[in-house]
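Enquirer: Here's a sequence, model it:
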Amino acid sequence: MMMNKRNALATLTLACLGAFGAMSAQAADEPLRIGLIATYSGPYADYGRQFDAGVALYLKEHGGKIAGRTVEVIKKDTAGPAPDAAKRIAQELVVRDKVSVLTGLDFSPNAYAVAAIATQAKIPTLVMNAASSAITASSPYVARLSFTVQQVTDPMARWMVKQGVKEAYTVVADYASGTDAETAFKKAFTAQGGKVVGEVRTPMNNPDFSAYVQRIKDARPQAVFFFFPSGVMPPAFLKVWKERGMEEAGIKLYATGEATDDSYLDATGDVALGLVTSHHYSYAHASPKNQKFVKDFAAEFGTKLRPSYFAVTAYDTMAAIDLALAKTKGDLSGDKFMDALKGLKFESPRGPIEIDPATRDIVQTVYIRKTERNKAGELVNVEFDKFERVKDPAKESQ
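Expert: Got it, this is the predicted structure:
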């Protein structure tokens, strides 16, 4: 009983302090404090660098201010998927650092863990990447500016059937987002008359793809669809795919855009050439907004760091905070801020985006792209088809 009382008191204290932090931060002479929870060390450290770059670029364009106030971004490292650490960090950011908004959240387990803090403290939490469908349902104070895995997978399945693909094998990483990709692909592909003839889930840590690829070669499906998180897994899979002569065997390969993430594409190299993927952003997106974004990004950070969809979402998250506070007239209280986000529409470097008022999830264009070399010799994802105003298919009935 004593422990229950202690837990209840801690919860109440957290909620009160969170609300106090939001109210006190409204003072004109106080900076707007934003807590950014991301990966800054380990194999996925590029995620945090991309977030930082997108945030910094938006703030530079707006004189370091949002809604007329200076901004203080407090960055915290989870070193990868670490839900216990993410939850602890979020609590510290709310109670000790008095942040008014939580953001970042590159991995889905971390986002789910932070949702509990968002609910207790009634603090707006804007997801910059984590792509598991149910995240926005985990708290009324969570909204997403990135994408869901199902949102970019469903269009690929539909597009493949339109190209005459009738049979497909799926290969996904064995974690929540991989399961989402497998589920969405199978549902959309079979609904259009396709047949999934095989399924494989691979471990996240140092998988040897040789046996998996050989199994696929022996099965001789018409096509393979795969999903892995951006970073080390897609290049390793593509290398084995090429070494085993899968293209020569007549097996077509398709994926979501994580496979050719702009940030890793140069390092991935020629094994990515010709791969058709579906995603919501490409460095080569031809809109004037993106051309300016890419140019400004290079001027600020040089050409070695190419902006990826992580940087774009971080940039857009700052824009969303700015636009929401314009609607609330600077009021940072959780309920008013979340109401202001619902139905928000604006132009992103990726194209037009909006926040679904029913789900607080993003609605956006999903592009079909092919990896090619441009005139400068760079590997880029060239968009050639698109699906407009795509919602997360897991929430289409809402």
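Enquirer: burial measure for residue 304, as a count.
Expert: 7 (other Cβ atoms under 10 Å). Placement of C-beta: from N, CA and C, glycine included.
Enquirer: distance of it from residue 270?
Expert: Distance check for residue 304 against residue 270: by Cβ to Cβ, to the nearest Å, it reads 20 Å.
Enquirer: got it, and residue 258?
Expert: Distance from residue 258 to residue 270, by Cβ to Cβ: 19 Å.
Enquirer: Neighbour count: the two, which is higher?
Expert: Each of residue 258 and residue 270 has its neighbours counted (other Cβ under 10 Å); residue 258 has more, 25 against 11.
Enquirer: wait, isn't the more buried one in contact with residue 235?
Expert: No. The pair residue 258 / residue 235 is not scored as a contact, 11.3 Å apart, by Cβ atoms under 8 Å.
Enquirer: list the helices and strands the helix or strand encompassing residue 184 packs on?
Expert: Under the criterion of DSSP states H and E, residue 184 resides in helix 176-191. Using 3 or more Cβ pairs under 8 Å, 6 or more residues apart in numbering; DSSP states H and E, the elements in contact with helix 176-191 are helix 108-121, helix 149-162, strand 167-173, strand 195-202, strand 223-227.
Enquirer: If we use 10 Å, what do you get?
Expert: Judged by 3 or more Cβ pairs under 10 Å, 6 or more residues apart in numbering; DSSP states H and E, helix 176-191 is in contact with helix 108-121, helix 149-162, strand 167-173, strand 195-202, strand 223-227, strand 252-256.
Enquirer: Tabulate these (a markdown table), appending distance to residue 100, mean pLDDT and mean neighbour count.
Expert: Compiled in a markdown table, those are given as follows (distance: least, Cβ to Cβ, whole Å; pLDDT from 0 to 100; neighbours: other Cβ atoms under 10 Å):
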| stretch | distance to residue 100 | mean pLDDT | mean neighbour count |
| --- | --- | --- | --- |
| helix 108-121 | 10 | 97 | 24 |
| helix 149-162 | 28 | 98 | 24 |
| strand 167-173 | 35 | 97 | 23 |
| strand 195-202 | 40 | 97 | 16 |
| strand 223-227 | 35 | 98 | 26 |
| strand 252-256 | 33 | 98 | 23 |
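Enquirer: how much space between residue 37 and residue 90?
Expert: Taking Cβ to Cβ, one finds residue 37 at 6 Å from residue 90.
Enquirer: Poorly predicted segments of the stretch 1-150 of the chain, please.
Expert: 1-28 (pLDDT under 70).
Enquirer: Show me whatever sits in contact with both of residue 37 and residue 90.
Expert: 76, 102, 104, 105, 110, 113, 114, 125 (Cβ atoms under 10 Å, 6 or more residues apart in numbering).
Enquirer: Residue 117 is in contact with residue 88, correct?
Expert: Yes. Using Cβ atoms under 10 Å, residue 88 is in contact with residue 117, at 9.3 Å.
Enquirer: what's next to stretch 391-398, contact-wise?
Expert: 131-134, 136-137, 144, 147-155, 157, 180, 183-184, 187-188, 354, 356, 358-364, 390.
Enquirer: Give me the buried subset of these.
Expert: For those, a neighbour count by 16 or more other Cβ atoms under 10 Å gives the buried set as 131-134, 136, 144, 147-155, 157, 180, 183-184, 187-188, 354, 356, 359-364, 390.
Enquirer: Report the contact partners of residue 47.
Expert: So residue 47 contacts 38-40, 78, 80, 104, 106-107, 128-129, 229-231, 263, 308, 310, 314 (Cβ under 10 Å, 6+ apart).
Enquirer: State the distance from it to residue 213.
Expert: Taken as Cβ to Cβ, the span from residue 47 to residue 213 is 27 Å.
Enquirer: And for residue 364?
Expert: 33 Å.
Enquirer: Residue 85 too?
Expert: 35 Å.
Enquirer: Of these two, which one has the most company?
Expert: residue 213 (23 against 17).
Enquirer: Tell me how many other residues surround the closest residue to residue 337 other than its chain neighbours.
Expert: Closest residue to residue 337 apart from its sequence neighbours, by Cβ to Cβ, 6 or more residues apart in numbering: residue 124 at 4.5 Å. A total of 28 residues lie near residue 124 under the criterion other Cβ under 10 Å.
Enquirer: and if you look at residue 342?
Expert: For residue 342, using other Cβ under 10 Å, the count is 15.
Enquirer: Just the pLDDT at it, thanks.
Expert: In the prediction, the pLDDT value recorded for residue 342 is 96.
Enquirer: Please name the nearest non-neighbouring residue to it.
Expert: residue 357 (3.8 Å).
Enquirer: Now tabulate the shared contacts of residue 37 and residue 90 in a markdown table and tack on distance to residue 322.
Expert: Converted to a markdown table, the shared contacts of residue 37 and residue 90 look like this (distance: Cβ to Cβ, whole Å):
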| residue | distance to residue 322 |
| --- | --- |
| 76 | 22 |
| 102 | 16 |
| 104 | 17 |
| 105 | 19 |
| 110 | 25 |
| 113 | 27 |
| 114 | 22 |
| 125 | 17 |
